[in-house]
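1. give me a 3D structure for the following:
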Amino acid sequence: MVSLRQTAQRAFVKALLALAATLSYQVHVTRDSEPDALNTAYGQVIRKAARKRQGQAHEAAELRRTKALWDDALAGAKSVGRPPAGGGYRVCATAVLLTYQSFKDLTQWRRFVSFLEGRLAVWQVIRWCATLESCKTGRWHAHLMLQFRGVQDKSSKSFVFERIFPNASSNDYLNEGMGRRNPQQSIDRAFFYVFANKIGTVLDEANLPCVAGNYMPAWVTTVGIDTYRVQGRWPEALWKHYKLEDHMYEQYLYLARDGVQARKRNLDACKAWKEAAGEQEEIDRVVKRIRSNASLYQPFPVLPEVAAWQSLFASDMLRYPLLILIGASASGKTEFAKSLFKQPLELKVGNTHIFPAKMVEFRRGFHDALILDDVRDLDFLVQHQEKLQGKYDSRIEFATTQGGTCFFTKYLFQTPTVVTINFTTRNLTFLEENDWLSRSQNRVVVRWPPPQA
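-> Model prediction:
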């Protein structure tokens with residue numbers, strides 16, 4: 001009985017001799033020749049045909065086709081012992097994830113897709129998906145996920161495309177192996193990895209991702225393809241590995257329809273933090289630019305009373321006084337207050353009688369001062385006297401509610417606190433009449449700008 005390998009070798013030798021005869025080139029091989037001799041003859045004939053560049057297109061294509069079938073037959077024949085060195089990766093599975101490096105352009109990508117469509121039957125593939133991606137260095141590579149009709153045992157050399165030898169992975173993606181309990185689920189997860197519009201996915205001329213295949217997520221409605229259900233944790237894992245943009249992850253959450261609310265809350269929290277961090281970076285850049293502009297920002301004078309107030313914090317006291325800066329609007333009070341410290345927490349007070357919610361951001365050891373900016377009513381200070389005294393033996397409670405479930409506490413001992421007010425601030429008489437604010441040991445009042453300025 002003639003084996004599959006013998007049948008493929010006979011067809012290959014027949015096509016090889018036919019093209020050689022057309023080229024008037026003599027090769028000394030038969031259908032019983034060794035594979036090395038056949039490969040050598042094949043290389044000689046193909047190079048001869050490439051140099052002539054005329055007339056033998058059909059014969060050359062037939063030779064390449066039969067050569068590929070012969071390669072598959074050779075790779076499919078099991079050998080005894082260890083595979084020979086240089087044989088490439090070994091594929092022995094019902095599914096495999098292949099990676100082809102060094103793609104040049106979209107034209108090569110289209111040739112790759114055409115190549116795949118012509119090889120699926122030969123490889124006994126029932127489901128496939130391919131994508132083109134760019135790595136951090138800008139080089140392009142293609143991922144190809146294949147699921148076979150049954151277990152295949154062959155070398156990765158069987159999948160060579162235009163002399164590009166693929167890497168074969170036994171894992172589905174993110175170094176996660178195939179699940180034994182439900183292997184198809186792991187295979188589907190690998191298909192989604194290839195399908196997903198990840199960071200680096202190459203777009204074509206129509207600004208669409210370079211993705212092709214016959215097995216796609218359930219929301220893809222293309223006629224003639226099979227689909228699979230996407231679990232919410234699959235795009236979540238890609239996003240956590242920084243392989244998905246936030247908006248793409250959010251879109252996949254809704255399309256997958258799995259655990260949307262919990263994952264969306266997590267996503268929204270991360271997006272808010274990222275936005276705040278980005279804004280803080282911009283603030284830092286603007287501050288640096290403004291403060292380096294001598295026409296806009298002048299160094300502040302050293303005020304003896306302020307320096308004396310700052311020196312108090314170098315030693316222990318039962319409580320420390322507030323620094324109250326009083327001056328006209330837009331006179332630079334806040335800028336002067338911030339210039340006294342490296343990392344103050346600035347709280348905008350205005351007309352509110354509630355302690356600003358931003359106080360929850362205060363971090364002892366990071367923030368070196370509190371600035372209560374633009375206080376419109378000194379009654380605010382009186383109402384929050386217990387907080388501003390910063391007692392040494394207890395944490396201070398903020399955001400107190402009737403139910404008592406939402407409060408937070410901060411330890412404010414020895415934390416300098418600066419208050420800025422203007423001449424229209426209500427209850428300025430408290431500085432002379434209030435039992436707490438009228439005492440010099442509880443506050444230091446400085447007019448701004450100083451008379452000599």
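
2. identify the single longest strand in the chain, thanks.
-> The residue-count maximum for a strand in the chain (DSSP state E) belongs to strand 140-155.

3. mind giving me the packing neighbours of the next helix-or-strand element following that strand?
-> Next along the chain after strand 140-155, taking DSSP states H and E as the criterion, comes strand 167-169. Applying 3 or more Cβ pairs under 8 Å, 6 or more residues apart in numbering; DSSP states H and E, one finds that strand 167-169 makes contact with strand 90-103. C-betas here are computed from N, CA, C, even on glycine.

4. ok now the strand it packs on, how far from the chain's centre?
-> 25 Å (Cα atoms, centre = their mean, to the nearest Å).

5. domain assignment for this protein?
-> Per automatic domain parsing, the structural domains of the chain span 4-76, 90-232, 304-448.

6. now the shortest one: how far from the chain's centre is it?
-> Here the centre of domain 4-76 is set off from its chain's centre by 48 Å, with Cα atoms, centre = their mean.

7. can you map out the helices along the stretch 351-453 of the chain?
-> For the stretch 351-453 of the chain, the helices defined by DSSP state H, counting those that start in this stretch cover 379-383, 385-388, 430-433.

8. buried deepest among those helices, which one?
-> helix 379-383 (a mean of 19; mean count of other Cβ atoms under 10 Å).

9. avg pLDDT for stretch 61-72?
-> On average, the pLDDT along stretch 61-72 is 81.

10. so what touches it?
-> 5, 8-9, 11-12, 14-16, 18-19, 38, 42, 45-46, 119, 122-123, 154, 157-158, 160 (Cβ atoms under 8 Å, 6 or more residues apart in numbering).

11. same deal with stretch 311-325?
-> Defining contact as Cβ under 8 Å, 6+ apart, one finds that stretch 311-325 is touched by 306, 309, 333, 336-337, 381, 388-392, 414, 416-421, 431, 440-446, 448.

12. quick one: which of those residues sit in strands?
-> Those of the contacts of stretch 311-325 lying in strands (DSSP E): 417, 418, 419, 420, 421, 443, 444, 445, 446, 448.

13. tell me the spacing between the residue nearest to the fourth one when sequence neighbours are not counted and residue 65.
-> Among residues not flanking residue 420 along the chain, residue 333 sits closest, at 4.4 Å (Cβ to Cβ, 6 or more residues apart in numbering). With distances taken as Cβ to Cβ, to the nearest Å, residue 333 is found 84 Å from residue 65.

14. okay, the two: which has more neighbours?
-> Between residue 333 and residue 65, counted using other Cβ atoms under 10 Å, residue 333 has the larger neighbour count: 25 against 16.

15. among the contacts of stretch 311-325, name the buried ones.
-> Using 16 or more other Cβ atoms under 10 Å as the burial test, those include 306, 309, 333, 336-337, 381, 388-390, 414, 416-421, 431, 442-446, 448 as buried.

16. got a markdown table for the ones in strands among the contacts of stretch 311-325, with pLDDT and distance to residue 221 too?
-> Converted to a markdown table, these look like this (pLDDT from 0 to 100; distance: Cβ to Cβ, whole Å):
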| residue | pLDDT | distance to residue 221 |
| --- | --- | --- |
| 417 | 97 | 62 |
| 418 | 97 | 62 |
| 419 | 97 | 63 |
| 420 | 97 | 61 |
| 421 | 96 | 64 |
| 443 | 95 | 71 |
| 444 | 96 | 72 |
| 445 | 96 | 72 |
| 446 | 95 | 71 |
| 448 | 91 | 68 |
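
17. between the residues you listed, which is closest to residue 253?
-> Nearest to residue 253 among the ones in strands among the contacts of stretch 311-325, counting by Cβ to Cβ, is residue 417 at 44.3 Å.

18. what's near enough to touch the closest one?
-> By Cβ under 8 Å, 6+ apart, residue 417 lies in contact with 320, 322, 323, 369, 370, 371, 372, 388, 390.

19. can you put the residues you listed in CSV and add distance to residue 407?
-> Below are the contacts of residue 417 laid out as CSV (distance: Cβ to Cβ, whole Å):
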residue, distance to residue 407
320, 24
322, 23
323, 27
369, 23
370, 18
371, 23
372, 20
388, 17
390, 17
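
20. narrow those to just the buried residues.
-> 320, 322, 323, 369, 370, 371, 372, 388, 390.

21. of these, which belong to strands?
-> If you go by DSSP E, the buried ones among the contacts of residue 417 have 322, 323, 369, 370, 371, 372 in strands.

22. adding pLDDT, write those out as TSV.
-> Listed next are these as TSV, based on pLDDT from 0 to 100:
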residue	pLDDT
322	96
323	97
369	96
370	97
371	97
372	97
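
23. what about the stretch 301-450 of the chain, any weak spots by pLDDT?
-> 402-404 (pLDDT under 70).

24. again, only using 90
-> 301, 330-332, 389-391, 399-407, 449-450 (pLDDT under 90).

25. cool, and the stretch 151-300 of the chain?
-> In the predicted model of the stretch 151-300 of the chain, residues 151-158, 163, 167-183, 222-224, 284, 287-288, 290-292, 294-300 satisfy pLDDT under 90.

26. so which bits of the helix or strand harbouring residue 59 are buried?
-> Residue 59 belongs to helix 57-76 when elements are defined using DSSP H and E. Within helix 57-76, the residues scored as buried using 16+ other Cβ under 10 Å are 59-60, 62-63, 65-76.

27. from those, pick the one nearest residue 197.
-> So of the buried residues of helix 57-76, ranked by how close each gets to residue 197 (Cβ to Cβ), first place is residue 68, at 31.7 Å.

28. what about the closest one, distance to residue 7?
-> Using Cβ to Cβ, one obtains 14 Å as the distance from residue 68 to residue 7.

29. and if you look at residue 262?
-> Taken as Cβ to Cβ, the span from residue 262 to residue 7 is 57 Å.

30. over to residue 132?
-> Distance from residue 132 to residue 7, by Cβ to Cβ: 35 Å.

31. those two - which one has more neighbours?
-> Of the pair residue 132 and residue 7, residue 132 is the one with more neighbours under other Cβ under 10 Å, namely 26 against 13.

32. the more buried one: what's it in contact with?
-> Residues in contact with residue 132 (Cβ under 8 Å, 6+ apart) are 103, 106, 109, 140, 141, 142, 201, 202, 210.

33. narrow those to those that are buried.
-> Looks like the contacts of residue 132 have 103, 109, 140, 141, 142, 201, 202, 210 buried, using 16+ other Cβ under 10 Å.
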